[in-house]
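> here is my input; please provide its structure:
(2 chains)
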There are 2 protein chains.
Amino acid sequence: MRFPDDLAIRSASSTILLVVIDGLGGVPLPQTGATELESARTPNLDRLASTSSLGMLLPIAPGITPGSGPGHLALFGYDTTEYMVGRGVLSALGVGFDIKPGDVAVRLNLATLDQDGRITDRRAGRPSDDEGRRIVGLLQDGVSLGGEAELFLIHEKEHRVVLVLRGEGLGADIADTDPQETGVAPLPPRVLHSDSERTGGIFERFFAQARELIRDEVSISGLLARGCARYGGFPSLEERFGLSALAVARYPMYRGVARLVGMQIPGTPSSDEEAVSLMEGQFGNAGFHFIHFKAPDSRGEDRDFYAKAAAIEAVDAMIPRLAALGADVVVVTGDHSTPALLGAHSWHQVPVLLASGAARPTGVSFSESEARRGDLGVLEARHLMSLMLAHAGRLRKFGA
Amino acid sequence: MRFPDDLAIRSASSTILLVVIDGLGGVPLPQTGATELESARTPNLDRLASTSSLGMLLPIAPGITPGSGPGHLALFGYDTTEYMVGRGVLSALGVGFDIKPGDVAVRLNLATLDQDGRITDRRAGRPSDDEGRRIVGLLQDGVSLGGEAELFLIHEKEHRVVLVLRGEGLGADIADTDPQETGVAPLPPRVLHSDSERTGGIFERFFAQARELIRDEVSISGLLARGCARYGGFPSLEERFGLSALAVARYPMYRGVARLVGMQIPGTPSSDEEAVSLMEGQFGNAGFHFIHFKAPDSRGEDRDFYAKAAAIEAVDAMIPRLAALGADVVVVTGDHSTPALLGAHSWHQVPVLLASGAARPTGVSFSESEARRGDLGVLEARHLMSLMLAHAGRLRKFGA
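Predicted coordinates for the structure are as follows:
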């Protein structure tokens, strides 16, 4: 069910703080029966949980493992099957590119081709960032699209580049040119739908000129494209819920997703400590405040159970300062689980706490075990926004 | 939300074993407060449950009692409101008929009519199977549809017969001819939608000829039709999820439903013991393995609480052999509840256990009480397949 936007009260002055601990949910160690969160010492989260409604969030649907994009969009109240974001667009967000509705974005690999144009290395030996940037500069300066579209090339890291086209009437139904194997030539940018024909022509022009510009390079002599996607534009939180919003996140990907739904980005902190200070300075400049902590997800992906628990403890240490901001509604949760036992994002439900004057507390600690028995039951993540708005007094009654 | 099929990984080699204990869920005896499952001694299921994720399956939707067809289709990941199977088709499956997409099936009653053509017994005094088969043979040999369609008549038991038409462009929007009362004549096969007009003509032809052929029979002198249904064809598990599948079941109905979604049927065991041996011999020939145990449902329908508990204990005794097969994911559940206190299928949620390396155990026994507190919460049965695929490492991440 889509959230009924017209219930939003557009003048409310209450404040919401959403704290996302990336990859928070876990799978218990067989030896102890405890997850990362349950193994961590989290006195501050436990204290907050004891006065909160608890529950489990289903990020997307049973069994579905979300990437960071869908995981966060769901937390912001967007049905991710309706508001799809393609890979190219997520890559553009990931490098901090300010993508606009109508832009078409695609992921490029810098690759090595042999004299006959066959791929010998799909990642060009993972070039240094300097070398990658040199080639990207050469392409950005050398390619001319003849006014058909604006071209943005952003070097991400090593062999990874994002290409964005900006212009009128662009389409993105264009097949990958990356054949995902070596010994063959890159594929042509085949047009899959007639609405993308002109864009297909622009891509052909780009790849032909690029090929000439780097033909004689030793290592980076080819480009492979995949995940062509058009960003259609989202209604903002302001438009949907009358909710001004700001985001504090260290990593570009999360600032990018926040920007998609119209959040302000007041700065680019370089540590969690700086992020919390920035939130302290900015708190109250919006109705909705989102702060993102990345480390637990990274340690989960490292398969390091106790390092993930320690990363959760480090977030716990920040909680008193965040709680002291005095938001009317404070929510702490994750965008998905990243169990150290799997070393990857997973589909498992994620514990959530919601503190407000109208909470119905059921437990004494913040853990999967307590959350499972909580007042909220199992809640689809996309419904969390309605719950936050309700607790903030920002929703009208439905019907008379 | 429909499960996003394109997330399926089509080359995975992991194995899934789904054990269906028909009618598993129950209602507690007021005297003890324990259900059939909770009254049964099930040490093997309890051991498995203690390392599994537990939860409650909602077969279709709150308050909806499923027949065996929808109950199983939901467990196989099919949205039963989208993939409807009409009564006639289910009856054809129930007699083991190999129904094909485009076939139209209808349930017939052998009935007794008086000299004026009015129904005196809607079940013709429940004839012996020999007598039923004699009449069906007479009709099969005597009726000619003049090449308009192929006719299959299958005697099921006593007065119950299934009629299947096979041919091009058949429709099934045809009203029941069974008026559900005596003292009146059978209704004509009224056409309800223009796309079924030709088929209506075929039915008229069939009933007119049948009437002549059995006019002078003492007992079985009429036919009553109901539940006319066309089988539209389903995408298979292979097509939807890249999942090869095989089914082991003693009863034709369950083999039939499995065949609808493309499962192989390696044999027709005549006891549960034989079924388990067949599964032992076949295990690994597919990614997905389904085994069906019928007795608990039958004892529930008998209203025999302790016989149902004993039937569950008999399944429990088979669990070690099934667990020893080494499937990556083992699920034990039911297609619906059959509380002995009701003596019929019911809408009650059904306990489910899911054992895998990524489970989040919460309990020490397999019971409604433990399942209710489990990690999976209340899960619509149609989402179970995504969860099994996820635990089997057969689903990609959604979004980047």
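> need the helices for chain A, in chain order.
With helices called from DSSP state H, chain A shows them at A:36-39, A:43-49, A:68-75, A:87-94, A:129-142, A:197-214, A:237-241, A:252-260, A:272-282, A:295-301, A:305-323, A:368-372, A:384-391.
> nearest to residue B:213, of those helices?
Closest to residue B:213 of the helices of chain A is helix A:68-75 (Cβ to Cβ; 63.1 Å). Bear in mind the C-beta positions are built from the backbone N, C-alpha and C, glycine included.
> contacting residues around the residue in the stretch 1-150 of chain A positioned nearest to chain B?
Chain B sits closest to residue A:63 of the stretch 1-150 of chain A, with a gap of 3.0 Å, by Cβ to the nearest Cβ. The neighbourhood of residue A:63, defined by Cβ atoms under 8 Å, 6 or more residues apart in numbering or on different chains, consists of A:347, B:3, B:383, B:385-391, B:395.
> could you check how far it is from residue A:104?
Counting by Cβ to Cβ, to the nearest Å, the gap from residue A:63 to residue A:104 is 31 Å.
> any idea which residue of the stretch 301-400 of chain A lies closest to chain B?
Counting by Cβ to the nearest Cβ, the stretch 301-400 of chain A gets nearest to chain B through residue A:378 (3.6 Å).
> give me the nearest residue to that residue, chain neighbours excluded.
Nearest residue to residue A:378 in three dimensions, chain neighbours excluded: residue B:377, at 3.6 Å (Cβ to Cβ, 6 or more residues apart in numbering or on different chains).
> the one you found - how many residues pack around it?
Residues near residue B:377, counting by other Cβ atoms under 10 Å in any protein chain shown, number 19.
> and it, what does it touch?
Residue B:377 touches A:56, A:349, A:372, A:377-378, B:55-56, counting by Cβ under 8 Å, 6+ apart.
> tell me the pLDDT at the nearest residue to residue A:62 once chain neighbours are set aside?
Once flanking residues are discounted, residue A:62 sits nearest to residue B:383: 3.8 Å by Cβ to Cβ, 6+ apart. If you check residue B:383, the pLDDT there is 96.
> I'd say residue B:383 and residue A:61 touch.
Yes - assessed by Cβ atoms under 8 Å, residue B:383 is found in contact with residue A:61 at 6.6 Å.
> count the neighbours of the residue of the stretch 101-250 of chain A found nearest chain B for me.
Ranking the residues of the stretch 101-250 of chain A by distance to chain B (Cβ to the nearest Cβ) places residue A:227 first, at 7.7 Å. Using other Cβ under 10 Å, residue A:227 has 19 other residues around it.
> burial count for residue A:128?
Close neighbours of residue A:128, defined as other Cβ under 10 Å, add up to 10.
> and the pLDDT for the residue nearest to it when sequence neighbours are not counted?
Setting aside the residues directly before and after it, residue A:128 is nearest to residue A:158 in space (Cβ to Cβ, 6+ apart), at 7.8 Å. If you check residue A:158, the pLDDT there is 90.
> over to residue A:400?
Note for residue A:400: predicted pLDDT of 68.
> quick one: the lowest-mean-pLDDT helix or strand in chain A near chain B?
Using mean pLDDT, DSSP states H and E, helix A:87-94 stands out as the lowest-scoring helix or strand of chain A, at a mean of 86. Yes - applying Cβ under 8 Å from any Cβ of the partner chain, one finds helix A:87-94 in contact with chain B at A:87, A:90-91, A:94.
> neighbour count added to the residues you listed, as TSV?
Rendered in TSV, the data for those read as follows (neighbours: other Cβ atoms under 10 Å in any protein chain shown):
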residue	neighbour count
A:87	20
A:90	26
A:91	28
A:94	25
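> now those in a markdown table, with distance to residue B:263?
Output for the residues of helix A:87-94 next to chain B, formatted as a markdown table (distance: Cβ to Cβ, whole Å):
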| residue | distance to residue B:263 |
| --- | --- |
| A:87 | 34 |
| A:90 | 37 |
| A:91 | 40 |
| A:94 | 42 |
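> what does chain A put close to chain B?
Residues of chain A lying near chain B (Cβ under 8 Å from any Cβ): A:27-28, A:33, A:35, A:56, A:60-71, A:80-81, A:84-85, A:87, A:90-91, A:94, A:227, A:339, A:341-342, A:345-349, A:368-369, A:372-373, A:377-378.
> residues in contact with the closest residue to residue A:304 other than its chain neighbours?
With sequence-adjacent residues excluded and distances taken as Cβ to Cβ, 6+ apart, residue A:304 is closest to residue A:340, at 6.0 Å. Counting by Cβ under 8 Å, 6+ apart, residue A:340 makes contact with A:26-27, A:36, A:299-300, A:302-305, A:308.
> quick one, which of those are buried?
Neighbour-count burial (16 or more other Cβ atoms under 10 Å in any protein chain shown) applied to those gives A:26-27, A:36, A:299-300, A:304-305, A:308.
> measure residue A:70 to residue A:331 for me?
Taken as Cβ to Cβ, the span from residue A:70 to residue A:331 is 18 Å.
> what about the two, which has more around it?
Comparing residue A:70 with residue A:331 by other Cβ under 10 Å, the one with more neighbours is residue A:70, at 30 against 25.
> what pLDDT does the nearest residue to residue A:150 once chain neighbours are set aside get?
With sequence-adjacent residues excluded and distances taken as Cβ to Cβ, 6+ apart, residue A:150 is closest to residue A:166, at 4.2 Å. Note on residue A:166: pLDDT of 97.
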